[in-house]
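Colleague: here's a sequence, model it:
(one chain, ligands or ions: 1)
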Amino acid sequence: MTEIIRNDQYSIHALELGPMENFIYLICDHKTARAAVVDPAWEVPEILTLARKKGVIITDILLTHSHHDHINGIEQVLQHYDAQLHLLKPEAEFWGKYLDLPTLHHGGDHIELGDTEIRVLHTPGHTPGSACYHIRDHLITGDTMFVWGCGRCDLSGGDPELMYDTLRKLAKLSGNTLTLPGHNYSDKTTATMEEQVEGNPFMHFHDKHKFVEYRMHIHDRVREEPYHAEPAPSDE
Ligand SMILES: [Fe+2]
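Modeller: Here you go, the predicted structure:
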């Protein structure tokens, strides 16, 4: 377990759980002792133990998207905590679940976790309703962006053209924004947006068609985990 972030208002802990190197994040608001768990999956007792140790109550569950390896612990969390589930409306529609949820979001919505404000960004590409969660200068990216990588776009609901647009938008966030990805696929667990823009090959494209070709047909043949930073080619 790692406490990645601690400031005057909140802390964010990362748990690497399950067989697919998933990162599950626990965001704790200090003043109210409320917590949100992002993408509860795999070894849920570890998440519950961490919450108990920290003396927080899990009041919210945030989903970055609906793939099995990000959601398979929801029910187990709900057996212990009366938590509200949050996801984007287009993801619920894609998934075909939770369509009546009062906390279905649109991009740009805010979630109040006590005094900690969490902005929901709609970041389609990996799935139609993928979300990133933006808290001050921290960005929980799910499978949209990894350290030196991005989510695949060849599964159901994936769209590499939308992924290109999404990554261009994320690149406009402040350079000191720390990206917290949904999987541990890389030589380090977090990177700033400035580092991503410099060293993430998916951020080097200025031509959508070349990006699509690279994402769909080239990347998986030429790169292996753990991913390392790559310098931008001089002709791009
Ligand atoms: Fe995924």
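Colleague: make it CA atoms for all contacts and neighbour counts henceforth
Modeller: Fine.
Colleague: now do the SS call for the nearest residue to H204 once chain neighbours are set aside.
Modeller: Nearest non-adjacent residue to H204, counting by CA to CA, 6 or more residues apart in numbering: A232, 5.8 Å away. Three-state call for A232 (DSSP: H, G, I helix; E, B strand; the rest coil): coil.
Colleague: for T49, same thing?
Modeller: helix.
Colleague: report the contact partners of the residue nearest to H204.
Modeller: Residues in contact with A232 (CA atoms under 8 Å, 6 or more residues apart in numbering) are 198-199, 201, 204.
Colleague: so what touches the helix or strand of the chain with the lowest mean pLDDT?
Modeller: Least confident helix or strand of the chain, by mean pLDDT, DSSP states H and E, is strand 2-6 with a mean of 83. Contacts with strand 2-6, where a contact means CA under 8 Å, 6+ apart, come from 11-15.
Colleague: following it, which helix or strand shows up next?
Modeller: Sequence-wise, the next helix or strand downstream of strand 2-6 (DSSP states H and E) is strand 10-17.
Colleague: so what strands line up beside that next one?
Modeller: Partner strands for strand 10-17, per DSSP bridges, with pairing direction: strand 2-6 (antiparallel), strand 22-29 (antiparallel).
Colleague: can I get the ones you listed in CSV with mean neighbour count and distance to T116?
Modeller: Formatted as CSV, those follow (neighbours: other CA atoms under 10 Å; distance: least, CA to CA, whole Å):
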stretch, mean neighbour count, distance to T116
strand 2-6, 12, 13
strand 22-29, 25, 6
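Colleague: in a markdown table, list these along with distance to L62.
Modeller: Output for these, formatted as a markdown table (distance: least, CA to CA, whole Å):
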| stretch | distance to L62 |
| --- | --- |
| strand 2-6 | 18 |
| strand 22-29 | 10 |
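Colleague: confidence score at D143?
Modeller: On pLDDT, D143 comes in at 98.
Colleague: that one contacts L180, doesn't it?
Modeller: No - using CA atoms under 8 Å, D143 is not in contact with L180; the gap is 10.1 Å.
Colleague: how about low-confidence regions in the protein?
Modeller: Scanning the chain for pLDDT under 70 picks out the ranges 1-2, 235-236.
Colleague: now do the helices in it.
Modeller: 44-54, 68-71, 74-80, 89-95, 160-170, 193-199, 208-213, 219-222 (DSSP state H).
Colleague: which helices and strands does the fourth one pack with?
Modeller: This means helix 89-95. Packing contacts for helix 89-95, counted by 3 or more CA pairs under 8 Å, 6 or more residues apart in numbering; DSSP states H and E, involve strand 104-105.
Colleague: partner strands of the strand it packs on and their direction?
Modeller: Paired neighbours of strand 104-105 in the sheet (DSSP bridges): strand 84-88 (parallel).
Colleague: what residues sit buried inside the strand it pairs with?
Modeller: Neighbour-count burial for strand 84-88, with 16 or more other CA atoms under 10 Å as criterion, is recorded at 85-88.
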